[in-house]
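Asks: Any chance you could fold what I've pasted below:
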Amino acid sequence: MTLQQLRYIIEVAVRGSMNEAARRLFISQPSLSKAVQELEQELQITIFRRTNKGIELSLEGTEFLAYARQVVEQADLLESRYRNARQAPQHFSVSTQHYAFAVNAFVQLVEQYGQEEYELALRETKTHEIIEDVRLLRSEIGILYRNEFNAQVIQKLLASANLEFNSLFTAEPHVFISIRNPLARQSSVTIEDLEPYPYLSFDQGEYNSFHFAEEIMSTLSHPKSIRVSDRATLFNLLIGLNGYTISTGVLSADLNGNEIIPVPLECEEMIEIGWISHRHRTLSRLGAAYVEELEKAVAGRKG
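Replies: Numbering: from 1, shown residues only. Next up is the predicted model:
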């Protein structure tokens with residue numbers, strides 16, 4: 001087993017594709033496949049499962065990858081310290097539902113710890129993909145919400161993937177609307193108040209189950225409904241169509257401007273936001289620093 005083989009395994013796991021990993025490693029795909037297979041044979045484990053959709057880590061592979069990352073990170077630190085080389089590029093990834101505070105924390109992380117070189121990833125994505133990203137170690141941390149309705153399903157998925165949920169804060173539901181929406185003048189709104197306006201939600205792809213919805217009260221029907229895949233489009237439609245979406249009420253004027261405002265939604269449900277990670281894996285230096293920045297970003301919101 002060599003450091004090079006470990007680096008190969010990490011790259012394949014990150015890319016989810018032999019072809020893409022080989023391209024980024026500047027080697028041929030057959031050479032990469034052979035190196036992976038030789039390591040699997042040497043260790044007598046199956047690191048990757050081949051499926052119709054590509055490759056994914058096996059349970060053994062997920063555990064192996066955690067150790068491989070630690071070995072490679074330590075090797076990079078040793079090389080940087082004793083060869084007087086440039087500091088090794090830092091690596092960190094987070095997958096999250098569409099929250100401005102998660103982006104704010106990421107910005108602060110980069111400003112505080114960014115070096116001349118780094119390879120970071122911030123993925124605003126679907127709920128099921130967040131859990132998969134963390135399970136397969138494509139991301140070290142995931143950010144999502146749970147409440148009374150979806151908690152049992154989410155917890156079952158986390159437990160089966162050996163992941164744990166760490167609470168950040170609990171919020172009362174709000175709607176995000178344009179400052180020009182007629183409801184913007186109200187101190188709070190009801191579901192009935194919102195009926196004339198388009199309801200905007202984030203598409204969950206093949207996992208469009210109520211339990212994976214990014215918005216609470218997902219079982220309600222709406223006379224006008226639009227699904228979107230990114231936050232910029234959603235905010236444009238909030239303004240252009242006087243639409244609304246349901247979320248935590250936490251906005252960032254720095255990132256989103258002053259065109260969108262939160263208005264309390266009158267209902268008895270609560271939203272618990274938290275971050276997920278592998279249960280028995282210690283956070284990296286950047287992972288721990290990101291959680292610290294998350295805590296700062298939502299300071300005063302804990303419920």
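
Asks: give me the number of residues near Leu136?
Replies: Counted with other C-beta atoms under 10 Å, residues neighbouring Leu136 total 17. The way it works is simple: take the backbone N, C-alpha and C, and place the C-beta from them, glycine included.

Asks: domain parsing for this protein?
Replies: Segmentation of the chain into domains, based on the TED database, reads 3-83, 93-168+273-301, 171-271.

Asks: Quick one: mean pLDDT for the first one?
Replies: Confidence over domain 3-83, taken as the mean pLDDT, stands at 85.

Asks: just stretch 203-223 next, same as before
Replies: The pLDDT scores in stretch 203-223 average 87.

Asks: And for stretch 109-121?
Replies: For stretch 109-121, mean pLDDT is 81.

Asks: ok now it, how far from the chain's centre?
Replies: Centroid separation between stretch 109-121 and its chain, computed with C-alpha atoms, centre = their mean, to the nearest Å, is 18 Å.

Asks: Tyr145 sits in which helix or strand?
Replies: Here Tyr145 sits within strand 141-146, counting by DSSP states H and E.

Asks: and that strand, what other elements does it pack with?
Replies: Strand 141-146 is packed against strand 90-96, helix 127-135, helix 151-160, strand 163-171, strand 271-278, helix 285-297, with contacts defined by 3 or more C-beta pairs under 8 Å, 6 or more residues apart in numbering; DSSP states H and E.

Asks: Tabulate the ones you listed (JSON lines), appending distance to Glu42, mean pLDDT and mean neighbour count.
Replies: Listed next are the helices and strands packed on strand 141-146 as JSON lines, based on distance: least, C-beta to C-beta, whole Å; pLDDT from 0 to 100; neighbours: other C-beta atoms under 10 Å:
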{"stretch": "strand 90-96", "distance to Glu42": "25", "mean pLDDT": "89", "mean neighbour count": "23"}
{"stretch": "helix 127-135", "distance to Glu42": "25", "mean pLDDT": "92", "mean neighbour count": "22"}
{"stretch": "helix 151-160", "distance to Glu42": "29", "mean pLDDT": "93", "mean neighbour count": "15"}
{"stretch": "strand 163-171", "distance to Glu42": "29", "mean pLDDT": "95", "mean neighbour count": "17"}
{"stretch": "strand 271-278", "distance to Glu42": "25", "mean pLDDT": "95", "mean neighbour count": "21"}
{"stretch": "helix 285-297", "distance to Glu42": "30", "mean pLDDT": "93", "mean neighbour count": "19"}
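
Asks: Export these to TSV and append columns for distance to Val12.
Replies: Output for the helices and strands packed on strand 141-146, formatted as TSV (distance: least, C-beta to C-beta, whole Å):
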stretch	distance to Val12
strand 90-96	15
helix 127-135	15
helix 151-160	23
strand 163-171	21
strand 271-278	19
helix 285-297	21
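
Asks: The ones you listed: which one's closest to Ser201?
Replies: Ser201 lies closest to helix 127-135 among the helices and strands packed on strand 141-146, at 11.7 Å (C-beta to C-beta).

Asks: Packing partners of that closest one?
Replies: Here helix 127-135 touches strand 90-96, strand 118-124, strand 141-146, helix 151-160, strand 163-171, strand 271-278, going by 3+ C-beta pairs under 8 Å, 6+ apart.

Asks: Identify the residues contacting the fourth one?
Replies: Residues outside helix 151-160 that contact it (C-beta atoms under 8 Å, 6 or more residues apart in numbering) are 131, 144, 146, 164-165, 209, 211, 276.

Asks: how much does that helix deviate in direction from strand 163-171?
Replies: In terms of direction (axes from the mean of the first three to the mean of the last three C-alpha atoms, to 10 degrees), helix 151-160 departs from strand 163-171 by 150 degrees.

Asks: Also the first one?
Replies: Strand 90-96 and strand 163-171 meet at an angle of 60 degrees, taking the same axes, to 10 degrees as the criterion.

Asks: same deal with the second one?
Replies: Taking the same axes, to 10 degrees, strand 118-124 and strand 163-171 form an angle of 60 degrees between their directions.

Asks: Would you mark the buried spots in strand 118-124?
Replies: By 16 or more other C-beta atoms under 10 Å, the buried positions in strand 118-124 come out as 120, 122, 124.

Asks: just how off-centre is stretch 289-303 within its chain?
Replies: 16 Å.

Asks: do the same with stretch 270-285
Replies: When C-alpha coordinates are averaged (C-alpha atoms, centre = their mean), stretch 270-285 and its chain have centres 11 Å apart.

Asks: And it, end to end?
Replies: This stretch, stretch 270-285, spans 32 Å end to end (C-alpha to C-alpha, to the nearest Å).

Asks: what's the most distant pair in the contacts of helix 151-160?
Replies: Using C-beta to C-beta, those span at most 22.1 Å, a distance reached by Glu164 and Ser209.

Asks: what about the helices in the stretch 1-150 of the chain?
Replies: For the stretch 1-150 of the chain, applying DSSP state H, counting those that start in this stretch gives helices covering 3-15, 18-25, 29-43, 59-82, 100-113, 127-135.
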